[in-house]
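# Attaching a predicted model along with its sequence, questions to come.
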Amino acid sequence: MGAGIAGLTLAVALRRHGITPVVLEQSHHPAPPGTGVQVPPSVVHRLRRIGLGEALDRRGVRPTGVDVLDWRDGSPLEELTLGPDCERRFGAPYYTMLRSELHATLLEALPAGTVRTGSYVTDVLDGTDVVTLCCADGTRVRAEAVIAADGAHSTVRQAVLPAVPRPLQLRVCRGLAPAARLPDTGEARIRVWPRADRYFTCYPVEGGHTLSFGAVLPSEPGQLESWAPRRRIDDLLAAFAGWSDEVTGLVAAAEWIGVWTPQQLPPASTWNRGRVALMGDAAHPVLPFLPQGLAQSVEDAVALADLLRTATGPTVEAVLERYAAARQGQIGSLQELSQELLDSLTELRAASEAGVAAGPPRGLEDVGGR
């Protein structure tokens, strides 16, 4: 359940294996945030396997590289080559695109009726041979297996493996700016400006006509919480005062800015119980320092679909156990790195407030998506 990137990818992959899924989505009109996503070669390989290669080629931008820049004046610190070199090395390109474009690509690959909107699940009854999902409108949906792909605030996770998300003292800001309002920077590239306690990144989407940008910065009470676009722009400009002109120019040119408070969940000891399993952010919400949330959700979906291909009623539970064990082992190191970065940012912010000089957080050079 959940008609986000993870749930829709699983649905498309299951249909490729001849399995007919039903996707329950609590919203009546699901619409992903209008921000960008980075789609690395590992994800492209998996999406090609389920028949989406042509759509990715049509909608994705292929950046030629990643530039890590000095936050004060934009001078180059480090460079990573992408483009044809990346495709030769990994066998697939590196794309940037709007999240809504990827979402639409997945929806277009599913027949009408696969996604049932307005289905808010209130309870999960895991029986011997079937799982029953109880919805707020009185509907009951029965299935041989249920996969929770409904995000960090998953109602299914709360029903079968309760945990309380903890809001972090951070703000994640994402926005879009028309390229026509900005100086021409030449090649399509991913740019990252790191500082001790915050960072800013941007990359092209919509054929290069738009720049998607993102920032992570300390949470400050009363800041960046207005719903008014102009107020959010002014607040973000204040938060990045003194930064490179390219950073402040992007913020000033923005047509829209969204603000989120990231949530942290304690690591789940297991991602499955009986005929119910977790995937994507419902299982392992990744902190926002590495562009890995999308990648790990897609990898979860394709791996799970491959295992479910040969499952039968009596073997479903064993298959879900195999999936959970395999994917937990693969994502564990990423979660550890994400936590190290959070700890590092916390230490550096404390040092900054105490007037102690500090450099960029350990590992923050990886925010460009390498």
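Received, thanks.
# low pLDDT regions in this structure?
33, 220-229, 266-268, 287-291, 332-370 (pLDDT under 70).
# Going along the chain, name the helices of it.
Secondary structure of the chain by DSSP state H: the helices cover 5-16, 41-49, 53-59, 83-90, 99-108, 155-160, 229-239, 245-252, 293-308, 316-353.
# right, and the ones you listed - which one's nearest Ala282?
When those are compared by Cβ to Cβ, helix 155-160 sits nearest Ala282, at 5.1 Å. Using the backbone N, CA and C atoms, a C-beta is placed for each residue, glycine as well.
# any idea how far the closest one is from the chain center?
Distance, stretch centre to chain centre, for helix 155-160: 21 Å (Cα atoms, centre = their mean, to the nearest Å).
# Send me it as CSV with only the CA atoms.
Only the C-alpha atoms of helix 155-160 are listed here, as CSV (Å, rounded to 0.1, in the frame of the first residue of the first chain):
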residue,chain,number,x,y,z
THR,A,155,0.0,3.2,9.4
VAL,A,156,0.9,-0.4,8.7
ARG,A,157,4.2,-0.2,10.5
GLN,A,158,2.4,1.2,13.5
ALA,A,159,-0.1,-1.6,13.5
VAL,A,160,2.5,-4.5,13.2
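# returning to what we had before: how about the helices of the chain in TSV, adding distance to Arg174 and mean neighbour count?
Formatted as TSV, the helices of the chain follow (distance: least, Cβ to Cβ, whole Å; neighbours: other Cβ atoms under 10 Å):
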stretch	distance to Arg174	mean neighbour count
helix 5-16	15	25
helix 41-49	19	19
helix 53-59	19	15
helix 83-90	24	14
helix 99-108	9	19
helix 155-160	25	20
helix 229-239	11	17
helix 245-252	11	18
helix 293-308	13	23
helix 316-353	18	17
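# will you turn these into a markdown table that also has distance to Val216?
Converted to a markdown table, those look like this (distance: least, Cβ to Cβ, whole Å):
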| stretch | distance to Val216 |
| --- | --- |
| helix 5-16 | 20 |
| helix 41-49 | 21 |
| helix 53-59 | 26 |
| helix 83-90 | 25 |
| helix 99-108 | 17 |
| helix 155-160 | 25 |
| helix 229-239 | 11 |
| helix 245-252 | 13 |
| helix 293-308 | 13 |
| helix 316-353 | 8 |
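# Report the buried residues of stretch 127-140.
Val131, Leu133, Cys134, Cys135 (16 or more other Cβ atoms under 10 Å).
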